[in-house]
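Colleague: dropping a prediction and its sequence here:
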Amino acid sequence: MKLRNVLIVVNDIEKSKKYYHDLFGLDMLLDNDGNMILTEGLVLQDKKIWQDFIGQDITYKHNSCELYFEEKDIEGFVKKLEKLYPETVYVNKLMTHSWGQRVVRFYDLDGNLIEVGTPM
């Protein structure tokens, strides 16, 4: 068995595609009309399709999971984030953990939690 993808639910798949390309360099591999696979295994699912499938409301900013990225130039990443998406809602601005890793946590356009940290 092999984990192939991680799926997140988004309100506007085109805006989210641009967001993940702008910040993380992810490109589209497959557009299946409301189900888009990006490089690195991230799948964007249109909210309406997901909601119809599971038959429940979608809860954003639930903080029970996160997408984790690593970036050597964390200061450069934060500058890019602030320039391209100044309306970003942060969980925590750039900080240093007791073990020395620098991280920033924030929500994407739809409230999916993202962490970017320096490699350990």
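Modeller: Ah, there it is.

Colleague: show me where the chain has its strands.
Modeller: Assigned by DSSP state E, the strands in the chain fall at 6-10, 28-31, 35-38, 42-46, 67-70, 90-96, 102-107, 113-117.

Colleague: out of those strands, nearest to Lys79?
Modeller: strand 90-96 (10.2 Å; CB to CB). Where you see a C-beta, it was placed from the backbone N, CA and C, and this is true even at glycine.

Colleague: the closest one pairs with which strands, and in what direction?
Modeller: Applying DSSP bridges to the sheet, strand 90-96 is found paired with strand 102-107 (antiparallel).

Colleague: report the buried residues of the strand it pairs with.
Modeller: Across strand 102-107, burial judged by 16 or more other CB atoms under 10 Å covers 103-107.

Colleague: got a list of contacts for the lowest-mean-pLDDT helix or strand in the chain?
Modeller: The helix or strand of the chain with the poorest confidence is helix 47-54; it has a mean of 93 (mean pLDDT, DSSP states H and E). Contact partners of helix 47-54, identified using CB atoms under 8 Å, 6 or more residues apart in numbering, comprise 9-11, 34-35, 57-58, 110.

Colleague: show me what contacts Lys80?
Modeller: Lys80 makes contacts with 22-23, as judged by CB under 8 Å, 6+ apart.

Colleague: if we can go back for a sec, quick one, the least confident helix or strand of the chain and strand 6-10 angle?
Modeller: 120 degrees (axes from the mean of the first three to the mean of the last three CA atoms, to 10 degrees).

Colleague: ok, back up a step: drop anything exposed from the contacts of helix 47-54.
Modeller: Buried, going by 16+ other CB under 10 Å: 9-10, 58, 110, out of the contacts of helix 47-54.
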